[in-house]
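Engineer: What shape does this take:
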Amino acid sequence: MEALGRFAEPSVLILTSLAGGEKHGYALIKDIEELADTVVGPGTLYAALSRLQERGLIEALPTEDRRRPYRITAAGAEALREYLQQARQISRVGLKRLQAWA
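Structural biologist: Modelled structure (predicted):
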């Protein structure tokens, strides 16, 4: 995997993290790091959060103790489900085709 780098786009990682419950920025960074073994920097995170909000895929909740939590919306959950189903299909086909190389 090292040779290919990381494929997952920050938006997919954020939606996947928020599918497990609402989180603020730092909690998202730590969850994504644990989930995907990759670090999403604050600039990347907040730019992606802004885009996801504009598209109605997540929503910001009221600030709690200087932290703003976010949660996935129904539209975000559906978009993530569709993406993951397509990725699963691509993965299945790709792994099958790679058997010829083994």
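
Engineer: Now residue 25: closest residue in space that isn't a chain neighbour?
Structural biologist: Counting by Cβ to Cβ, 6 or more residues apart in numbering, residue 25 lies nearest to residue 45, which is 6.0 Å off, once chain neighbours are set aside. Where C-beta positions appear, they are placed from N, C-alpha and C, glycine not excepted.

Engineer: wait, what's in contact with that neighbour?
Structural biologist: Contacts of residue 45 were listed using Cβ atoms under 8 Å, 6 or more residues apart in numbering, and they are 10, 14, 25, 28, 29.

Engineer: By neighbours, which of the residues you listed wins?
Structural biologist: residue 14 (28 neighbours; other Cβ atoms under 10 Å).

Engineer: low-scoring pLDDT stretches of this protein, where are they?
Structural biologist: 1-8 (pLDDT under 70).

Engineer: Tell me where it has strands.
Structural biologist: Taking DSSP state E as the test, the strands found in the chain are 58-60, 70-72.

Engineer: Serialize those strands to CSV and add fields for mean neighbour count and distance to residue 92.
Structural biologist: Formatted as CSV, the strands of the chain follow (neighbours: other Cβ atoms under 10 Å; distance: least, Cβ to Cβ, whole Å):
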stretch, mean neighbour count, distance to residue 92
strand 58-60, 18, 28
strand 70-72, 20, 25
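
Engineer: how about those strands, which one is nearest residue 40?
Structural biologist: Using Cβ to Cβ as the measure, strand 70-72 is the one of the strands of the chain that comes nearest residue 40, at 13.6 Å.

Engineer: who's in contact with the closest one?
Structural biologist: With Cβ under 8 Å, 6+ apart, strand 70-72 has contacts from 15, 18-19, 21-24, 28, 49, 53, 57-61, 80.
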